[in-house]
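Participant: sequence first, then the predicted structure:
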Amino acid sequence: MLLTPLYLGPVSYYSAILSHHNTPVFDVHQHYQKQSYVNRTTIYGANGALNLIIPIQHVGQKFSLKEAKIAHDYPWRKQHVKSFISAYRTSAYFEFFEDDFIPLIQKKETFLLDYTYALHHFIMGIISAEPIPPKKESTTYLKETKDDYRNVFHPKQKQNTSTPYPQVFENKHGFISDLSIVDLIFNLGNKTSAYL
């Protein structure tokens, strides 16, 4: 299974990972794509779907994911932490995960991949019953391969995957499908794996 590493990817992304029995290979040599889940995640805020974006330093026209560096000249971590707390403090399980999750969001990394992998490891520790295997990365850009999921998960191609589950603001805006995996975790807790 070939995947793009994503920032707190959507529910469908983690459902696909769990449904494959082999360790995913992350393509880190593909070009960085703007307006993708590589540096954005979507959560359920008080006013509906809310995009949280990690700013990236642009070092030229094209650069690989492996080269993508986080821009530190804007206090985006503070904004993300406030947004997560505001969105999920009344959810059933946020309090249970908060002490581990918030420091990961606040962690200062140079490279986007290091940040993404730390969060991915945290998520997999919650949703997977199996020991977490070491990450596998591509050694070069792969044009096409069997089980290529790199272009499946994109904000403009929302997956309508979800059986409704309780969400904090669903009484205001209804159920919103395929949000960040943290929406599922903070609302379902230890039932997340069974749901996926």
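Facilitator: Okay, I see it. Numbering: from 1, shown residues only.
Participant: contacts for whichever helix in the chain runs longest?
Facilitator: Criterion DSSP state H: the longest helix present in the chain is helix 112-127. Here helix 112-127 makes contact (C-beta atoms under 8 Å, 6 or more residues apart in numbering) with 5-8, 14, 17-18, 28, 38-39, 54, 56, 65-66, 68-70, 97, 100-101, 104-105, 107, 109, 132, 135, 181-182, 185, 192-193, 196. (C-beta placed from N, C-alpha, C; glycine too.)
Participant: return the list of helices and strands in contact with the helix or strand following it.
Facilitator: Sequence order places strand 136-137 as the next helix or strand after helix 112-127, per DSSP states H and E. Packing partners of strand 136-137 (3 or more C-beta pairs under 8 Å, 6 or more residues apart in numbering; DSSP states H and E): strand 25-26.
Participant: check which residues of the longest helix of the chain are buried.
Facilitator: Within helix 112-127, the residues that count as buried by 16 or more other C-beta atoms under 10 Å are L112, L113, Y115, T116, Y117, L119, H120, F122, I123, M124, I126, I127.
Participant: return the member of the residues you listed nearest to Y93.
Facilitator: Closest approach to Y93 among those (C-beta to C-beta): I126, at 9.7 Å.
Participant: what helix or strand is the closest residue to Q79 other than its chain neighbours on?
Facilitator: Excluding its sequence neighbours, the residue lying closest to Q79 (C-beta to C-beta, 6 or more residues apart in numbering) is L52, at 7.5 Å. If you go by DSSP H and E, L52 is part of strand 48-53.
Participant: which residues sit against that strand?
Facilitator: So strand 48-53 is contacted by 39-44, 76, 79-80, 83, 87, 155, 169, 172-173, 176, 179 (C-beta under 8 Å, 6+ apart).
Participant: which helix or strand lies directly C-terminal to the helix-or-strand element of the chain with minimal mean pLDDT?
Facilitator: The helix or strand of the chain with the poorest confidence is strand 136-137; it has a mean of 77 (mean pLDDT, DSSP states H and E). Counting by DSSP H and E, the next helix or strand C-terminal to strand 136-137 is helix 170-173.
Participant: quick one: average pLDDT of whichever helix or strand comes after that next one?
Facilitator: The first helix or strand that comes after helix 170-173 along the chain, using DSSP H and E, is helix 181-188. Across helix 181-188, pLDDT averages out at 97.
Participant: list of residues touching the helix or strand following helix 181-188?
Facilitator: Moving toward the C-terminus from helix 181-188, the next helix or strand (DSSP H and E) is helix 192-195. By C-beta under 8 Å, 6+ apart, the residues outside helix 192-195 that reach it are L18, I126, I127, S128, A129, T163, Y165, L184, I185, L188.
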